[in-house]
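Participant: Would you be able to build a 3D model of this:
(one chain, ligands or ions: 1)
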Amino acid sequence: MNLEQMFYYSRVFAKTFKRGYIQYFLLNPVYNVIDAKDAELVLNDSRILTKGIFYTFLHPFLKTGLLTSTDKKWHTRRRLLTPAFHFNILTQFMETFKSESVKFIKTLNDILEKKDSNGVISLSELIPRVTLNNVCETALGVCLDDRLDGDEYRQRISEVEESLLERLKNPLMGFDGFYYNCAEGKKYLKSMEKLHAFSSGIIEKRRELLSKEMEQEDMNQNDVDETNPYRKRRYAMLDTLLRAEKDGLIDHAGICEEVDTFMFEGFDTTSMNLIFALMSLALHPDMQKKCYEEIQENIQGDLASLDTQQLNNLKYLDCFIKETQRVYPSVPGIVRECTSDIVFGGKLLFPKGTQINIHIYDIHMNPKYYDEPERFNPERFMAPQAEKRHPFAFIPFSAGQRNCIGQKFALMEMKTLLVYVIKNFELEPVTRPEDFRFHAGLLIRTKTDIQVKIRKRLVT
Ligand code: HEM
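Facilitator: Numbers count the residues shown, from 1 in each chain. Model (predicted):
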C-alpha cells in the first residue's frame, strides 16, 4: 500500500467503524480513536503520557527532547520551558512577526512587478521560509544568514521525513536492526549530521550574542520582571536553556535536543496551516471579503502599530483559522503508548504495549460533531454552535498535559501574516482540493504544489 492509499483507507475505516477500531503494528495492538469522547479519555489520562513506538523513529534526530521524552525528564523540561511561551514573551515577538510579514509582502510585490508575471505564487515554496525565519528569530534569538542557510535546512528536513515514511510503508523497516542496515536508514543518519550541524550553529551564535548581552547588563539589578519585581524575568526559549545550563539544570546535549525539537515542531506545522488558510481564502471570496472588512474596521492606519489586542479583536479571522485547522489539521494524528495494563471506564482493557492512535483528522470530520463536515464553513466556530460542541471535537494542537506548547505563538504568527496579506492583496484560486490527495505522514502533506493567484488590492 502506498502512502496515499494509507491515508485514504484510514478515512474509510473511520467512516465504517464510527467508534474505535483495532489494528496491529510491529506486533503491538493499535487502538484507533476517531471519537471526541475517547480522545478526551486518553488525552486527560495521566497514565498515558508516553508517545507511541513511531516516535522512537525520531530519536536519532530529536533524541529525547520535549516532544519525544517521557516521565520525569518530560515534566522537568516542560516546567523549564513553559515560561518561555508566556504572554509577556510572546508580545515581544510581534515585532519580528511584523517585520517578516513586511518582507513577505515585498517578495509578493516583487513577483507582481516582474514583466512576465501572471501573479501565480507557490505557497508551498514561499511560506516555509517565513515560518522558519520566525521561529529562529524569536524562540531561538538568531537570524538566518549565509552561515545558517534556511533553504538547506528545509531540504534536509524533507529528506528526513521521506526516510521516516519508508518505515511506515514497510513493516520490516520498523525494526531498527533492519532499517539502519538498509540504504534508506543510512541516508537518514547522514541527513542527521547536517541537521545537527545547523542547530549547533544556532546555539553557538546565540551563545556568543547572549554572553555579550550579559556582559552589558547588571544581572543582579535587571534580572526581574517589570510587572512583578519579586519574580524572575522570563526569557525566550533558547536563552532560557542557556541560562539554565549556567545553573546546572541542563547540559549542552539537552539544549541541542530541545533546539532540534522546537525547530522541527515550530516551522512546518505553522507553514502547512498558513498554506491551507491562504488557499481557502482564495477559494472563498465571500469569506475573504469578510476578513478584509473586519481588518479595516478594527485596524485603522498602517500595520506598523499592529498589536496583540487588535489581533484578538479579529473574531471572524479567528473562526476562519479554526475552520482551516479543522479541515486541514497540520498534525493529522498522534500516538500514545500504554506502559502498563490500563482499564478505561471499568470495562475496556488496553494491555501494556498497546498503541493508541488518535486520528485528529477523523475527529474533525466526524458528522456527530459537524454538520456536512466536508463543507468549509468558519461560522461553525461562532457561538452558540461552538459552545454546544464536545470540547475534544476540535484538537489541532492536541489537548491535556501534552498539548502543544507553541499554540499561542503559532496563532499570533499566523494571524499577523494573514492580516498583512489580506490587507495588501486579493487572492484567487489556482490549486483546488480536488487537485490533490493527502498522504499518510507526520504532518498533513500533498505532493502537489499549492498555488494561489495574487492581485494588488485596490483600496475603495
Ligand atoms: C499551527 C501550528 C502548530 C500545530 C498545528 C501544532 C500541533 C501540535 C500537536 C498536535 C502536538 C502534540 C504532538 C504529539 O502528541 O505527538 C504538538 C506538540 C508540540 N508542539 Fe506544536 N504545533 C504547532 C506549532 C508549534 C510551534 C510554533 C512550536 C514551537 C515554537 C511548537 C512546539 C511544540 C512542542 C515542543 C510540542 C511537544 C510538547 C510536549 O510534548 O510537551 N508547536 N504540537
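Participant: Is Asn181 in a helix, a strand, or coil?
Facilitator: Following DSSP: H, G, I helix; E, B strand; the rest coil, we place Asn181 in the coil state.
Participant: List phi and psi for it.
Facilitator: Dihedral angles of Asn181 (phi, psi; degrees, to the nearest 10) stand at phi -100, psi 0.
Participant: how near is the residue nearest in space to the middle of the chain to Met414?
Facilitator: Nearest to the mean C-alpha position of the chain, by CA atoms, centre = their mean, lies Thr269 at 2.8 Å. Here the criterion is CB to CB, to the nearest Å. By it, Thr269 lies 10 Å from Met414. C-beta: built from backbone N, CA, C; applies to glycine.
Participant: how deep is Glu215 tucked in, by neighbour count?
Facilitator: 8 (other CB atoms under 10 Å).
Participant: wait, is it part of a strand?
Facilitator: No. Looking at Glu215 with three-state DSSP, it is helix, so not inside a strand.
Participant: sorry, back to before: how close does the residue nearest to the centre of the chain get to Leu443?
Facilitator: In terms of CB to CB, Thr269 sits 7 Å off from Leu443.
Participant: Need the residues touching each of the two.
Facilitator: 330-331 (CB atoms under 8 Å, 6 or more residues apart in numbering).
Participant: can you tell me which residues contact Thr56?
Facilitator: Thr68.
Participant: Check the gap between it and Asp71 for me.
Facilitator: Thr56 is 15 Å from Asp71, by CB to CB.
Participant: What score does the residue nearest to the residue nearest to the centre of the chain when sequence neighbours are not counted have for pLDDT?
Facilitator: Distance criterion CB to CB, 6 or more residues apart in numbering; nearest residue to Thr269, sequence neighbours excluded, is Ser330 at 4.3 Å. Ser330 carries a pLDDT value of 98.
Participant: what about Ser330, which SS state?
Facilitator: coil.
Participant: Is it correct that it is in contact with Leu443?
Facilitator: Yes. At 5.6 Å, Ser330 counts as touching Leu443 under the criterion of CB atoms under 8 Å.
Participant: got the contact list for stretch 155-173?
Facilitator: By CB under 8 Å, 6+ apart, stretch 155-173 touches 1-3, 6, 25-26, 54, 57-58, 61, 174, 178-179, 182, 184-185, 187-188, 191-192, 194-195, 198, 264, 268, 439-443, 445.
Participant: Would you show me how to pick out the buried ones of the residues you listed in ChimeraX?
Facilitator: Buried members of the contacts of stretch 155-173, identified by 16 or more other CB atoms under 10 Å, are gathered into one ChimeraX selection as follows:
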select :3,6,25,54,57,58,61,174,179,182,184,185,188,191,192,195,198,264,268,439,440,441,442,445
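Participant: Which ones among the contacts of stretch 155-173 map onto helices?
Facilitator: 3, 6, 61, 178-179, 184-185, 187-188, 191-192, 194-195, 198, 264, 268 (DSSP state H).
Participant: Next, the contact list for the closest residue to Lys51 other than its chain neighbours, please.
Facilitator: In space, and not counting its chain neighbours, Lys51 is closest to Thr68: 6.0 Å by CB to CB, 6+ apart. Contacts here follow CB under 8 Å, 6+ apart; on that basis Thr68 touches 51, 55-56, 58-59, 62, 261.
Participant: Just the pLDDT for Thr68.
Facilitator: 97.
Participant: just checking, Phe175 touches Ile53?
Facilitator: No. With contact defined as CB under 8 Å, Phe175 and Ile53 do not form a contacting pair (10.7 Å).
Participant: I'd like to know which elements the helix or strand hosting Arg79 is packed against.
Facilitator: Using DSSP states H and E, Arg79 falls within helix 71-81. Applying 3 or more CB pairs under 8 Å, 6 or more residues apart in numbering; DSSP states H and E, we find helix 71-81 packed against helix 237-246, helix 252-283.
Participant: the inter-axis angle of the last one versus helix 71-81?
Facilitator: With axes from the mean of the first three to the mean of the last three CA atoms, to 10 degrees applied, the angle from helix 252-283 to helix 71-81 works out at 70 degrees.
Participant: Give me the next element, helix or strand, following helix 252-283.
Facilitator: helix 285-298.
Participant: tell me the angle of that next one relative to helix 252-283?
Facilitator: 110 degrees.
Participant: Now whatever helix or strand comes next after helix 285-298: average pLDDT?
Facilitator: Using DSSP H and E, the next helix or strand after helix 285-298 towards the C-terminus is helix 308-312. Averaging pLDDT along helix 308-312 gives 96.
Participant: Same question for helix 308-312: list its buried residues.
Facilitator: So for helix 308-312, counting by 16+ other CB under 10 Å, buried means 308, 310-311.
Participant: next one: that helix to chain centre, how far?
Facilitator: Remark: helix 308-312 is offset 21 Å from the chain centroid, using CA atoms, centre = their mean, to the nearest Å.
Participant: now the very next helix or strand once past it and helix 285-298, what's the angle there?
Facilitator: The first helix or strand that comes after helix 308-312 along the chain, using DSSP H and E, is helix 315-327. Counting by the same axes, to 10 degrees, helix 315-327 lies at 140 degrees to helix 285-298.
Participant: What lies in contact with helix 315-327?
Facilitator: Contacts of helix 315-327 (CB under 8 Å, 6+ apart): 273, 276-277, 280-281, 287, 290-291, 294-295, 364-365, 370, 376-382, 394, 396, 411, 414-415, 418-419.
Participant: From the residues you listed, list just the buried residues.
Facilitator: 273, 276-277, 280-281, 287, 290-291, 294-295, 364-365, 370, 376-378, 380-381, 394, 396, 411, 414-415, 418-419.
Participant: which of those are close to the ligand?
Facilitator: Counting by CB under 6 Å from any ligand atom, 273, 396 from the buried ones among the contacts of helix 315-327 sit close to the ligand.
Participant: Now do the same contact list for Phe438.
Facilitator: Contacts of Phe438 by CB under 8 Å, 6+ apart are 4, 7, 332, 444-446.
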